[in-house]
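>>> This is the structure alone, sequence omitted:
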């Protein structure tokens with residue numbers, strides 16, 4: 001998300017640590033038996049969850065990312081790395097939690113529904129599905145080309161979850177993401193108005209990042225005060241629980 005914007009190396013660590021605090025609050029009280037990290041990337045979250053759950057099943061379809069994840073989690077005996085696609089992955093055991101960290105936006109709606117319906121029978125009683133997805137304020141925005149993605153609104157995701165028989169226990173804005181996205185979109189605008197020789201991205205990025213950090217959290221509410229929808233992209237955590245049928 002933050003490459004090429006001139007932010008300091010610590011920016012990613014700041015965002016991850018701040019997001020961990022949100023996750024810790026959301027999953028407090030959840031059974032710590034076994035969890036599924038589906039689309040785990042380089043394994044940052046898998047490594048974190050390994051210290052909170054007895055077993056972590058980490059699934060990743062990208063071979064380069066899988067290799068990094070497997071190496072990063074090699075010393076964690078309770079992490080089971082699986083190289084495979086999320087849609088073809090077949091659960092074999094019950095999970096206290098399934099974590100989908102920014103994966104649904106790469107799937108069309110029918111695949112999202114199919115994936116969630118496949119996971120539901122393997123969520124323990126009292127267990128949850130935790131999603132973290134980049135969102136837009138209304139409807140769905142499809143981006144094609146080299147980076148194909150579907151950005152959906154909170155309302156759209158809520159309707160999809162309901163279609164699957166999943167209740168939204170809590171929806172929380174990912175404020176660390178929002179803060180960094182404000183920086184990314186600011187630098188993009190800067191690149192658009194300044195000639196390349198004058199952009200000085202390392203300096204502009206450093207000033208933008210620390211300006212946002214020092215003015216956090218009130219800076220995130222400023223655009224709304226002026227009737228602006230900025231940044232274009234937001235991000236939300238969705239804490240979900242499969243509905244209990246009358247036959248259960």
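Cool, got the structure. Since we're looking at a predicted model, the values are computed, not measured. Numbering: from 1, shown residues only.

>>> which residues touch residue 83?
Counting by CB atoms under 8 Å, 6 or more residues apart in numbering, residue 83 makes contact with 60-61, 63, 66. No exception for glycine: its C-beta is placed from N, CA and C like everyone else's.

>>> What strand or helix carries the closest residue to residue 173 other than its chain neighbours?
Distances taken as CB to CB, 6 or more residues apart in numbering place residue 236 nearest to residue 173, at 5.7 Å, with adjacent residues excluded. For residue 236, the element it lies in under DSSP states H and E is strand 234-242.

>>> ok, now residue 130?
Short version: residue 130 belongs to strand 123-136, going by DSSP H and E.

>>> low pLDDT regions in the protein?
1-2, 244-248 (pLDDT under 70).

>>> cutoff 50 now
In the predicted model of the chain, residues 245-248 satisfy pLDDT under 50.

>>> For it, just list every one of the strands.
For the chain, strands defined by DSSP state E occupy the ranges 34-38, 55-60, 79-83, 95-101, 123-136, 140-143, 149-153, 166-173, 234-242.

>>> show me what contacts residue 47?
Contacts of residue 47 (CB under 8 Å, 6+ apart): 72-73, 76, 79.

>>> The residues you listed into a markdown table, with extra columns for distance to residue 9 and neighbour count?
As requested, those are exported to a markdown table (distance: CB to CB, whole Å; neighbours: other CB atoms under 10 Å):
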| residue | distance to residue 9 | neighbour count |
| --- | --- | --- |
| 72 | 17 | 17 |
| 73 | 22 | 22 |
| 76 | 24 | 17 |
| 79 | 25 | 23 |
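
>>> now, among these, which is nearest to residue 201?
Checking the contacts of residue 47 against residue 201 with CB to CB, the nearest one is residue 72 at 28.9 Å.

>>> number of nearby residues for the spatially closest residue to that closest one that is not a sequence neighbour?
In this structure, residue 72 finds its nearest non-sequential neighbour in residue 43, 4.6 Å apart by CB to CB, 6+ apart. By other CB atoms under 10 Å, 26 other residues sit near residue 43.
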